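1. What follows is a predicted structure for the sequence shown.
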Amino acid sequence: MKVLVTGGAGFIGSNIVKALEAKGAKVIVLDNFSHSGYKNLFDVKAEIICADILDESIYKKLPKLDAVFHEAAITDTILKDDTKMMEVNFNGFKNVLNFCVKNNIKFVYASSAGVYGEGPSPMKEGQKCIPHNIYGYSKYLGDCFVRELWKNNKNLPSIIGLRYFNVYGPGESHKGSSASITYQLYLQMKKKLNPRVFNYGEQKRDFIYVKDIVNVNLEALNSKESAILNVGTGKARSFNDIIFILNKEMKSNLKTEYFDNPYKDTYQNFTESDTTLLNKILKVKADFSLEKGIGDYINNYLG
Ligand SMILES: NC(=O)c1ccc[n+]([C@@H]2O[C@H](COP(=O)([O-])OP(=O)(O)OC[C@H]3O[C@@H](n4cnc5c(N)ncnc54)[C@H](O)[C@@H]3O)[C@@H](O)[C@H]2O)c1
């Protein structure tokens, strides 16, 4: 099996690449390395193509493929360059999707819980989306484009959109301030600094471990269905919970410092996925609770 992973040098993409290779797939990584964790690729065999998904000439040079995992995107959700966000996350997305449709290639792509904004939880795939920033909007437009395609066309390849909730795990260190809150808190606590979170740490999110994300992508590869699906644990947990678990795993007893949230207007205070469709269509459930995921992350990767 020959598979393309766009954004394969990034956090989630590189984890998908490794899992595909472990299953014997021949993998091509297409990434422009603008925000890459290139160190994540040291032990992969994949062919690396350094190119931009906006460059339409690149698609003519690709070999025959069985599937495309589309992870490439601008992932800094507070980036102020709206034009760039829209170009890469919407125009670039359409380029990759159109290539797959034209060549009848299975398409599995990364959408985001960011499409829901402050919508009611548990968030369901069919509910009204009110994205709170240009990142969420760019992902929402991608999902709308796919739904229009389904309305107007028959005989399309299988297309699976995955609305990831808050992902954490090995391979995210290059993301800096857009890495997971778990990783940010770990870095502070490793330096023996008190962990700092927005007042009063009871913001809740659906945190999902990257190994579960990879597993869902592999199930999507095996599925003949087409759908847009939430990918979360189905259980919101608080920032205070993360600090409690980190203290336990790092054998520390650091006290939390709370401060005012400067992004109040665009911040998602509560996200929780409804995973009914994910469970029904891909027949998969998250295996890692927050305790199990952070335990694996600290003990097997961060040390
Ligand atoms: N990490 C999360 O919590 C999360 C949550 C929801 C959705 N997602 C989505 O999952 C996908 C992967 O995110 P990630 O966390 O691994 O981020 P990441 O920033 O680590 O990976 C993105 C990769 O895309 C590449 N890239 C950016 N622009 C490109 C372009 N124009 N052409 C080619 N490559 C380009 C970057 O170099 C990087 O390697 C993204 O689509 C993101 O929106 C992530």
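-> Sure, I can see it.

2. where does residue 78 land on pLDDT?
-> Looking at residue 78, its pLDDT reads 82.

3. repeat for residue 263
-> So, for residue 263, pLDDT stands at 79.

4. next one: the one 10 residues further on
-> What the model reports for residue 273 is a pLDDT of 98.

5. Dig out what it forms beta bridges with.
-> For residue 273, the beta-bridge partners under DSSP bridges are residue 123.

6. Number of residues surrounding the closest residue to the ligand within the stretch 1-150 of the chain?
-> Per CB to the nearest ligand atom, residue 10 is where the stretch 1-150 of the chain lies closest to the ligand, at 2.1 Å. Glycine gets a C-beta too; all of them are placed from N, C-alpha and C. Close neighbours of residue 10, defined as other CB atoms under 10 Å, add up to 30.

7. what's residue 294 in contact with, if anything?
-> With contacts defined as CB atoms under 8 Å, 6 or more residues apart in numbering, residue 294 is in contact with 168, 182, 242, 245-246, 249.

8. Same check on residue 44?
-> Residue 44 neighbours (CB under 8 Å, 6+ apart): 14, 17-18, 21, 27, 29.

9. all strands of the stretch 151-300 of the chain, in order?
-> 159-164, 166-168, 196-198, 204-205, 207-209, 227-231, 237-238, 257-259 (DSSP state E, counting those that start in this stretch).

10. Now mean neighbour count, mean pLDDT and distance to residue 268 too, for those, in a markdown table please.
-> As requested, those are arranged in a markdown table below (neighbours: other CB atoms under 10 Å; pLDDT from 0 to 100; distance: least, CB to CB, whole Å):
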| stretch | mean neighbour count | mean pLDDT | distance to residue 268 |
| --- | --- | --- | --- |
| strand 159-164 | 24 | 98 | 13 |
| strand 166-168 | 22 | 98 | 9 |
| strand 196-198 | 18 | 95 | 12 |
| strand 204-205 | 20 | 95 | 7 |
| strand 207-209 | 28 | 98 | 13 |
| strand 227-231 | 24 | 98 | 14 |
| strand 237-238 | 18 | 98 | 13 |
| strand 257-259 | 12 | 96 | 18 |
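
11. Dump the ones you listed into JSON lines; add distance to the ligand as well.
-> Output for these, formatted as JSON lines (distance: least, CB to the nearest ligand atom, whole Å):
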{"stretch": "strand 159-164", "distance to the ligand": "4"}
{"stretch": "strand 166-168", "distance to the ligand": "3"}
{"stretch": "strand 196-198", "distance to the ligand": "17"}
{"stretch": "strand 204-205", "distance to the ligand": "10"}
{"stretch": "strand 207-209", "distance to the ligand": "8"}
{"stretch": "strand 227-231", "distance to the ligand": "8"}
{"stretch": "strand 237-238", "distance to the ligand": "14"}
{"stretch": "strand 257-259", "distance to the ligand": "23"}
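
12. Nearest to residue 125, out of the ones you listed?
-> Each of the strands of the stretch 151-300 of the chain has some distance to residue 125 by CB to CB; the shortest is strand 227-231, at 5.6 Å.

13. returning to that earlier point: list the ones among the contacts of residue 294 that fall in helices.
-> Among these, DSSP state H puts 182, 242, 245-246, 249 in helices.

14. coming back round to it: show me the contacts of residue 44 that map onto helices.
-> 14, 17-18, 21.

15. Most neighbours among these, which one?
-> Counting by other CB under 10 Å, top hit in the ones in helices among the contacts of residue 44: residue 14 with 30 neighbours.

16. now, among the contacts of residue 294, which is nearest to residue 216?
-> Closest to residue 216, out of all of the contacts of residue 294 and judged by CB to CB, is residue 168, at 15.0 Å.

17. Could I get the contacting residues of residue 134?
-> 79, 82, 85-86.

18. roughly how far out does the host helix or strand of residue 95 sit from the chain middle?
-> Assigned by DSSP states H and E, residue 95 belongs to helix 93-102. Relative to its parent chain, helix 93-102 has a centroid offset of 19 Å by CA atoms, centre = their mean, to the nearest Å.

19. what sits up against stretch 262-271?
-> Residues contacting stretch 262-271 (CB under 8 Å, 6+ apart): 78, 113-114, 116-118, 121, 123, 132-133, 165-166, 198, 203-206, 232, 236, 261.

20. Now the buried members of those.
-> 113-114, 116-117, 121, 123, 132-133, 165-166, 198, 203-206, 232, 236 (16 or more other CB atoms under 10 Å).
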